[in-house]
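# Sequence plus predicted model, see below.
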Amino acid sequence: TASLERLLTPAQLRGADAQRVHELIIEFGDRMTTWAMPEPAWVLSRATLDTVLLDEARRAGAEVHQPAIVRDVSYDADHASVTLDDGSVLRASVVLHADGKGRFDPARDTPNRAGVVGRKVQLRVPPGGPDLSGIRMRSCDGAYVGSVGVECGLVTVALVARSSLVARFKGAGDDAADAMLAHLWPGYDPAWRETAWLSCGVAGSRYIRPGHVR
């Protein structure tokens, strides 16, 4: 929270409709345990956070090229040259390769953990629906599901499931993922789904000792 508020003021966060959470809730079957958090935390979606931070960078004087595709980076003694897809060349003193693929990482790609899959979706629960306030973690057989209410009445849901469980719900992508979530969380209604499901591997690098190249 302190790190975020050094970049964005509480007024800016409220302007983006960021929510405050005060509780962590663990669910298993029909049992539930609630803890008060040591201090409230801000929550909002990654898409909104990225947009607000980019706007703040522009106001601070950053020159933003978006959308843009980087085709090449070359290095000289005193600068780097970044060639974009349109042929233009940017001169920079520092280049951060943050493509999410680890192509330029000397430690090589982050390994994915075998046998598990990550999935994410956003929901819009109608008035009168279940209370999804706070940060909620649901422990299930072969999976766990997390949810948190974000801006504009949306709820972000993320889960990690064993590949064997995912294989039980084969079929059309979104429908199969809806069926799996309904199995894990009987209170789920697929009509709440606001976005398509996203899937990814789950990082499995384990503990990295200090001094490691990563």
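Nice, thanks for sending it over. Numbering: from 1, shown residues only.
# How much space separates residue 146 from residue 116?
14 Å (C-beta to C-beta, to the nearest Å). Quick note: C-beta positions are derived from backbone N, CA and C, even for glycine.
# where in this structure is pLDDT low?
99-109, 172, 213-214 (pLDDT under 70).
# Nearest residue to the middle of it?
Taking C-alpha atoms, centre = their mean, the centroid of the chain lies closest to residue 46, which sits 5.8 Å from it.
# for that residue, phi and psi?
phi -60, psi -40 (degrees, to the nearest 10).
# what's the answer for the one 3 residues further on, then?
Taking degrees, to the nearest 10, you get phi -60, psi -50 for the backbone angles of residue 49.
# try residue 122
Dihedral pair for residue 122: phi -120, psi 140, per degrees, to the nearest 10.
# how about it, what does it touch?
With contact taken as C-beta atoms under 8 Å, 6 or more residues apart in numbering, residue 122 is in contact with 45, 150, 154, 155, 156, 157, 193, 194, 195.
# Check the residues you listed for burial and list the buried ones.
Buried members of those, scored by 16 or more other C-beta atoms under 10 Å, are 45, 150, 154, 155, 156, 157, 193.
# So which of those belong to helices?
Taking DSSP state H, every one of these sits outside helices.
# Switch those residues over to JSON lines; also include distance to residue 136.
As requested, the buried ones among the contacts of residue 122 are arranged in JSON lines below (distance: C-beta to C-beta, whole Å):
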{"residue": "45", "distance to residue 136": "16"}
{"residue": "150", "distance to residue 136": "13"}
{"residue": "154", "distance to residue 136": "15"}
{"residue": "155", "distance to residue 136": "9"}
{"residue": "156", "distance to residue 136": "11"}
{"residue": "157", "distance to residue 136": "9"}
{"residue": "193", "distance to residue 136": "17"}
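# So which of these are in strands?
Residues from those lying in strands, with DSSP state E as the criterion: 155, 156, 157.
# Switch these over to CSV; also include distance to residue 182.
What follows is those, written out as CSV (distance: C-beta to C-beta, whole Å):
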residue, distance to residue 182
155, 15
156, 18
157, 12
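# Kindly indicate which of these lies nearest residue 93.
Proximity of those to residue 93 (C-beta to C-beta) peaks at residue 156, which lies at 36.8 Å.
# Show the contacting residues for residue 190.
175, 178, 182.
# ok, those vs residue 129, which is closest?
Minimum distance to residue 129 across these is 14.4 Å, recorded for residue 182 (C-beta to C-beta).
# next one: phi and psi at the closest one?
The phi/psi pair for residue 182 (degrees, to the nearest 10) is phi -60, psi -30.
# just checking, it touches residue 191?
No - at 11.1 Å, residue 182 does not count as touching residue 191 under the criterion of C-beta atoms under 8 Å.
# So between those two, which is more surrounded?
residue 182 (14 against 10; other C-beta atoms under 10 Å).
# so what's the more buried one up against?
The contact partners of residue 182, by C-beta under 8 Å, 6+ apart, come to 188, 189, 190.
# how much space between it and residue 190?
Counting by C-beta to C-beta, the gap from residue 182 to residue 190 is 7 Å.
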